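J.: Attaching a predicted model along with its sequence, questions to come.
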Amino acid sequence: MFIYLFFFYLHFSLLPFSGPGDAFMSPAFQAGLKGSDVTKNAVSVLYDSNITLIHREQKVYLHSHPDKYPLRYDDGRISSQGQQITGYPHKDINNIFTIVAPDPELYPEAKGYKPHPQEVQRGVRYLKSGDAIRLYHPMTKSFLLTHDVASPLTTTNMEITTIPEDADNIMARYNDTIWYFEVVDGDRGDRLKSRRSHFRAISAAYRVALHAHKGILPEWGFKQNEINGNKNQNEKSNVWYIEDVEHPMIVNGTEVGEEQQKPKGEKQLSFLQKFLELQSAMIAHNAGLTKPHPYSSTPITWPFVVRGISYWETKEGLRQIYLLGNPLIWWASIVGVLMFSVMWVLDRILLRRGQDGFGISLRRWWDRGIGFMFIAWLLHWLPFFLMGRMLFLHHYLPSLIFSVICTSAVIDFIGRIVGEDPVEVAGGDVRLSVRVPYYAWMRTQGSLLYWSFLAALLSAFLWAYIYFAPLTYGTGFPTVEILRTRKWFSTWDLQHA
């Protein structure tokens, strides 16, 4: 565990700069990276600003356009035929929304606002966590709302749409257009910062969270992401942040009159906090890799090398880099770990019958030495059977190392120890034969048959290495016929064979 933590400590120390993967991490984590947009381009969000909102996980903008939801979906359900709200992955003028303060006369809960002296001085109002707001879409002159209609793809969630500002029933549905912005891991009243503040948008009327679903809408939705109202408010997938802010008081990404200094009292994450957050992000990201892949494989096939992974190929010279390994070593290692398990069971059966051919010292080495490698092989392999993500042959490589070590020890044990007489190893002392230390067993030389077998096995491994080297290193083959001789299984994806 210490070694594992140490490598991450080096990682954080040697790589302190911002990069393309920042968005996977929390604002507090990003704030500790040099050159991060979270600190460099973050600006306080003002009321009456034009903003763009991005979903943290799906990386799509909140988007709207004049097109309507179809009257009837493919499953026969009826929609509201309201204006579509979608998730769009590219910058577009239809991504722009304006933050509007509710009228306290129409929404009494908004009456509690008392301006801060700084706001009075500058003639602005800052958006704060817990504020009630309305989101106005200037391109279609409508307000964002949700209502008790099922969303197109996720029928348990609510449809998100808009209502025109001049609609006859705009006053009757005023509360439906109210949203609360609640900052994640923040305090009520904290100012929202662009790029930095991650928040949930909660409907005041229905208490559902604005959510970007990974599902893609049909042609009528232009293959964009579905946006819906998630009834489970606290889901981690309900989080958004504001990317761009346009306001007369914001020039070149800086608020006019705002002092350019690091906020006082800003908390920095400790090493352990960053480590735990990164582990959580890694686990969550891996769990989401469920999209089918042509070179994916199942854990049960890995020890037998049923399918490899193609990394690169070109028709010129019939070259391809294909992760296959040395099949003879892989197959020998699975035989070795199976032999260990069989021998361990047989030894326990014989012990129960009063027959002890090893003695205490040798058995202790057998259990703690080879047994440790056997358990390590299982622990690095079996967890993959519980995973739902796409898996590949390279996930078996850590297990392979332990299986090779286990197999080598089993071969050495069989070749040099199994045929020896414990009494002879103990120097003829029968009383000491059951407690012969391990180092005494290791002094045995083994028979000529053992060393001949070992030489033949190593020769076979070396031959297989040379035979498959053109696939490992991508050096290619002179003819297709020669390439086809390397394709031992039909599941090996050799592109030109």
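T.: Arrived safely, thanks for sending.
J.: hey, let's count contacts and neighbours off CA atoms from now on
T.: Will do.
J.: Now Ile321: which helix or strand?
T.: strand 319-323 (DSSP states H and E).
J.: May I see the buried residues of that strand?
T.: By neighbour count on 16 or more other Cα atoms under 10 Å, the buried set for strand 319-323 is 319-323.
J.: Next, format these as CSV and append pLDDT.
T.: Shown next, in CSV, are the buried residues of strand 319-323 (pLDDT from 0 to 100):
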residue, pLDDT
Arg319, 92
Gln320, 92
Ile321, 93
Tyr322, 93
Leu323, 92
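J.: just to revisit the earlier point, so which other helices or strands are in contact with the strand holding Ile321?
T.: Secondary-structure packing of strand 319-323 (3 or more Cα pairs under 8 Å, 6 or more residues apart in numbering; DSSP states H and E): strand 309-314, helix 448-473.
J.: per-residue pLDDT, Arg77?
T.: pLDDT for Arg77: 89.
J.: for Gln81, same thing?
T.: Note on Gln81: pLDDT of 91.
J.: Once you drop chain neighbours, what's closest to it?
T.: Tyr69 (4.7 Å; Cα to Cα, 6 or more residues apart in numbering).
J.: Also Ser237?
T.: Distance criterion Cα to Cα, 6+ apart; nearest residue to Ser237, sequence neighbours excluded, is Glu57 at 6.5 Å.
J.: Neighbouring strands of the strand holding Ile321 in the sheet, and parallel or not?
T.: Sheet pairing of strand 319-323 (DSSP bridges) gives strand 309-314 (antiparallel).
J.: residues of the partner strand that come out buried?
T.: For strand 309-314, a neighbour-count test (16+ other Cα under 10 Å) marks 309-310, 313 as buried.
J.: For those, give me TSV that also has pLDDT.
T.: Output for the buried residues of strand 309-314, formatted as TSV (pLDDT from 0 to 100):
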residue	pLDDT
Ile309	93
Ser310	92
Glu313	90
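J.: Out of these, the closest to Thr154 would be?
T.: Nearest to Thr154, judged by Cα to Cα, of those is Ile309 at 35.6 Å.
J.: what mean pLDDT does stretch 206-220 have?
T.: Stretch 206-220 comes out with an average pLDDT of 93.
J.: er, stretch 126-143 actually
T.: Here the average pLDDT along stretch 126-143 is 95.
J.: neighbouring contacts of that stretch?
T.: 44-47, 64-66, 93-94, 96-102, 110, 119, 144, 162-165, 177-183, 186-192, 204 (Cα atoms under 8 Å, 6 or more residues apart in numbering).
J.: C-alpha coordinates for that stretch, CSV please?
T.: Only the C-alpha atoms of stretch 126-143 are listed here, as CSV (Å, rounded to 0.1, in the frame of the first residue of the first chain):
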residue,chain,number,x,y,z
TYR,A,126,-24.1,38.2,-8.0
LEU,A,127,-25.5,34.7,-8.5
LYS,A,128,-25.2,32.7,-5.2
SER,A,129,-25.8,29.1,-4.2
GLY,A,130,-29.4,28.6,-3.3
ASP,A,131,-30.7,31.5,-5.4
ALA,A,132,-34.0,31.1,-7.2
ILE,A,133,-33.6,32.1,-10.9
ARG,A,134,-35.2,31.8,-14.3
LEU,A,135,-33.3,30.7,-17.4
TYR,A,136,-34.3,32.7,-20.5
HIS,A,137,-33.5,31.5,-24.0
PRO,A,138,-33.0,34.6,-26.1
MET,A,139,-32.9,32.9,-29.5
THR,A,140,-36.4,31.6,-29.0
LYS,A,141,-37.7,34.1,-26.5
SER,A,142,-38.8,31.5,-24.0
PHE,A,143,-38.1,30.3,-20.5
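J.: where's the spatially most central residue of the chain relative to Ser18, distance?
T.: What sits nearest the mean C-alpha location of the chain, by Cα atoms, centre = their mean, is His285, with 1.3 Å. According to Cα to Cα, to the nearest Å, His285 and Ser18 sit 19 Å apart.
J.: Of all the residues in stretch 101-120, which ones are buried?
T.: Buried residues in stretch 101-120, counting neighbours by 16+ other Cα under 10 Å, are found at 101-102.
J.: so where's the stretch 201-350 of the chain uncertain?
T.: Where the stretch 201-350 of the chain drops to pLDDT under 70, the residues are 257-267.
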